Structure formats: C-alpha cells, structure tokens
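Asks: Predicted coordinates and the sequence they were generated for:
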Amino acid sequence: MDAAGHATHTEFTAKFGGPDVPVTGIPYADTIALKRIGPKQIIGTYKKGGKVTVTVHVVVSADGKTRRLTYDGKNLEGKAVHDDVVYDKVM
C-alpha cells in the first residue's frame, strides 16, 4: 500500500553486480541495479532516465526472520525521501 492507501506492485529480475534492469510499478524509477555488500546486505540503486533517484539498503537479520529496507533519495517532485520498512518472515 502506498501513503494514500492504494495497492502497489513492483516487479523486476536482477542479478547481483549485473547491469541496470527494467523495474515496473515504481513511479520514480524505470531501472534498478543490485549489489551484494555482505552475506545479508544488499544495495539497490533505482534510476529514472539514467539518473539515480533512490538508493535502498536491505539488511536481513542474523536469524533470517526480518528484513529491513531503508530508502533514501528524491521523489518525482524532487523532495527528499527517507523510508524505513521492516518485513517479518511468516512461517
């Protein structure tokens, strides 16, 4: 859900250390590139028109039960974005 309560859906297929690949469902990005920086850490770089818009840091907890995403960058209006999202693994 976005801030206005609308359902969202994001989709992409990427390899760590690979090239920028198309991403759908994100208004501020048309590509993403992923880089593994540790066994449980990833950085995703979103771009729109070839320019970096948002960087997301992904960290999986040591026990593998939670995943935290921290987004930093700018939205389509050029305003600063900082979001923290935590996902819990459902068994």
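Replies: Received it, and whenever you're ready, just let me know what you need. Residues are numbered from 1 along each chain as shown.

Asks: What residues does the most far-flung residue of the chain relative to its centre make contact with?
Replies: Here the chain reaches farthest from its C-alpha mean at Met91, the gap being 23.4 Å by C-alpha atoms, centre = their mean. Met91 makes contact with no residue, according to C-beta atoms under 8 Å, 6 or more residues apart in numbering. All C-beta spots, glycine's among them, are computed from the backbone N, C-alpha and C.

Asks: what separates the one helix or strand Val56 maps to from the chain centre, distance-wise?
Replies: Val56 belongs to strand 51-60 when assigned by DSSP states H and E. Relative to its chain's centre, strand 51-60 lies at 5 Å (C-alpha atoms, centre = their mean, to the nearest Å).

Asks: in its sheet, what does it sit against?
Replies: Strand 51-60 has its sheet partners listed here by DSSP bridges as strand 41-48 (antiparallel), strand 66-74 (antiparallel).

Asks: partner residues bridging Thr31?
Replies: Counting by DSSP bridges, the residues bridging with Thr31 are Pro22, Lys47.

Asks: Thought Gly18 was touching it, still the case?
Replies: No. With contacts counted by C-beta atoms under 8 Å, Thr31 stays clear of Gly18, the gap being 11.2 Å.

Asks: Those two - which one has more neighbours?
Replies: Thr31 (19 against 11; other C-beta atoms under 10 Å).

Asks: which residues touch the more buried one?
Replies: By C-beta under 8 Å, 6+ apart, the residues touching Thr31 are 20-23, 46-48.

Asks: now swap in Gly25 and tell me
Replies: Taking C-beta under 8 Å, 6+ apart, one finds 8-11 in contact with Gly25.

Asks: just Lys89 next, same as before
Replies: 64-67.

Asks: separation between it and Val58?
Replies: 14 Å (C-beta to C-beta, to the nearest Å).
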